[in-house]
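A.B. asks: Turn this into a model:
(chains A and B)
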Amino acid sequence: MAELDDIIHQPLRLKIMAALNALPAATGLEFSRLKKLTGATDGNLGAHIETLAKAGYVQVDKAFVGKKPQTTVTATAAGRGAFARHVATLQEIIAGKQS
Amino acid sequence: MIDSREASAALADIDDIVQRVKQSQLYELASLAAVWWGILVFAGNLVTWLWPIHAGQAWVAVNVVGVGGLVALRVFNPPHHPHGAAHSIRILLVFVLFFAFGYLCTNVVGHFGPRQLGAFWPLYFMLFYTLAGLWFGYAFVAIGLGISALTLIGFFYIGEAFPLWMAFVNGGGLILGGLWMRRI
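C.D. replies: Okay, the predicted model is just below:
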């Protein structure tokens, strides 16, 4: 019986992973765009990205574009796998295979 | 463990965010295309206003460079679906049909003068923009209807300076609309 992934299941982290997973592999989203998409605040988003990064589900890259710092978040292969399993578990719950 | 209602809500959240990401990516590409066409259309109208004798060549150049830019945009941002090549060919065919139908209307069925041509092509282009917006997002509808309304105002109420009006309304409108798309 598959288990829900506690790290991904938190609502904001689920949104972050869903957004990153919608992109082609190795393509990331800028922090500001992720903030707009999820509707999160800077601090909240930063904290949850850190949790996902510690779990190895996302990779965070910081660079300077001109003089502006830019943070890009990308889902790792492990993160994509964990997200796919999490979605499959949700679908199993709906189908009544788990409760 | 959660129940099926909570699981459905979580999947609905995922669907919602995936749609938003797709729309955001579409707006990003559409924004580049709008700014590109906006600059070209601005230049084309300016040439038409300043040197009407060269308007014909200017608009051929605008269309060739404009479509070339879109092809380049497509090459550097390849589609991420399994039928990418077929999709690109369909887009090219859309442009061929678009210009062919426009030519048929303006030169075969009717014989439009410079002022009518200056109003027809933006209205025709914005019709597709507005229709696309019904599927792809309200920004296209807002830009399409806004530029169409201003084009009609210019057509009926602006005299000799109509091409100059269109440079700002059509060219400037596309540039501003494109920049606005990047912010939403």
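A.B. asks: contacts, neighbours, all on C-alpha from now
C.D. replies: Fine.
A.B. asks: For the most centrally placed residue in chain A, list the residues it contacts.
C.D. replies: Nearest to the geometric centre of chain A sits residue A:17, at 2.3 Å (Cα atoms, centre = their mean). By Cα atoms under 8 Å, 6 or more residues apart in numbering or on different chains, the residues touching residue A:17 are A:8, A:75, A:79-80, A:83.
A.B. asks: ok, and of those residues, which contact chain B?
C.D. replies: With respect to chain B, and counting by Cα under 8 Å from any Cα of the partner chain, no part of the contacts of residue A:17 is in contact.
A.B. asks: What about the residues you listed, which are in helices?
C.D. replies: Judged by DSSP state H, the subset of the contacts of residue A:17 located in helices is A:8, A:79-80, A:83.
A.B. asks: give me the element residue 16 is part of.
C.D. replies: No chain specified, so I'll use chain A. helix A:11-21 (DSSP states H and E).
A.B. asks: was after chain B, sorry
C.D. replies: Going by DSSP H and E, residue B:16 is part of helix B:4-50.
A.B. asks: Not counting residues beside it along the chain, what's closest to the residue in chain A positioned nearest to chain B?
C.D. replies: Of all residues in chain A, residue A:94 sits closest to chain B, at 4.6 Å by Cα to the nearest Cα. Leaving out its chain neighbours, the residue that sits closest to residue A:94 by Cα to Cα, 6 or more residues apart in numbering or on different chains is residue B:4, at 4.6 Å.
A.B. asks: where along the chain do the helices fall?
C.D. replies: By default, I'm working from chain A. Under DSSP H, chain A gives helices at A:6-9, A:11-21, A:31-38, A:42-54, A:77-95.
A.B. asks: Hmm, no, I was thinking of chain B.
C.D. replies: Using DSSP H, helices in chain B cover B:4-50, B:55-76, B:84-103, B:114-136, B:138-157, B:162-166, B:173-183.
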